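> can you look at this prediction? I've put the sequence above it.
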Amino acid sequence: MDQLAMNSKDLFKTRIEVEGFNKSLIKNGRKIKNTLGKEDFLKLLIVQLTNQDPTKPLEDKEFISQMAQFSSLEQMTEMNKTLTNLITNYKSSMSYALLGKEAEVFDSVTGELNSGLVTEITFGNEGPMISFNGFCYSIDDVTKVSMYTH
């Protein structure tokens with residue numbers, strides 16, 4: 001018999017744990033998040049270790065493999081945070097560089113291209129916003145920048 005196979009009792013207990021965990025991710029009919037984090041990985045690993053047959057423990061190489069996966073997850077999480085900060089800083093720098101310049105943006109609400117002299121920059125939850133002609137636009141919507149010639 002395969003060393004990783006569970007008997008029906010252990011399989012049932014694990015299934016109950018996983019279903020309980022999955023239900024905790026749903027609140028008011030909406031999923032709280034779409035990805036598993038390091039805490040979730042550790043919880044699943046603990047459930048797996050708790051419900052394993054003591055007479056047939058995981059082989060060392062399988063445990064080491066899982067720990068390597070956890071380490072990779074941790075590194076990818078940190079890299080994602082670093083990249084997110086880098087993108088935020090880049091967008092902030094770009095928005096400052098647009099002050100006093102003519103910018104053209106695609107207005108997703110009207111479907112039109114609008115242009116004007118960038119007179120203000122604001123920062124909110126959506127990231128940096130440039131303002132001209134009384135309207136705010138995301139830095140992501142900029143399609144063209146030129147020197148102000150008027």
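Ah, there it is. Residues are numbered from 1 along each chain as shown.
> for Asn114, give the beta-bridge partners.
Counting by DSSP bridges, Asn114 forms beta bridges with Val105.
> I'd say it and Val105 touch.
Yes - at 5.7 Å, Asn114 counts as touching Val105 under the criterion of C-beta atoms under 8 Å. Glycine gets a C-beta too; all of them are placed from N, C-alpha and C.
> where do the helices of the protein begin and end?
With DSSP state H, the ranges of helices along the chain come out as 8-24, 38-50, 60-98.
> mind listing what Val118 touches?
Leu98, Leu99, Gly100, Lys101, Glu102, Ala103, Ile130, Ser131, Phe132 (C-beta atoms under 8 Å, 6 or more residues apart in numbering).
> can you tell me which of the residues you listed are in strands?
Glu102, Ala103, Ile130, Ser131, Phe132 (DSSP state E).
> ok, so of those residues, who is nearest Val47?
Lowest distance from Val47 to the ones in strands among the contacts of Val118 (C-beta to C-beta) belongs to Ile130, with 49.1 Å.
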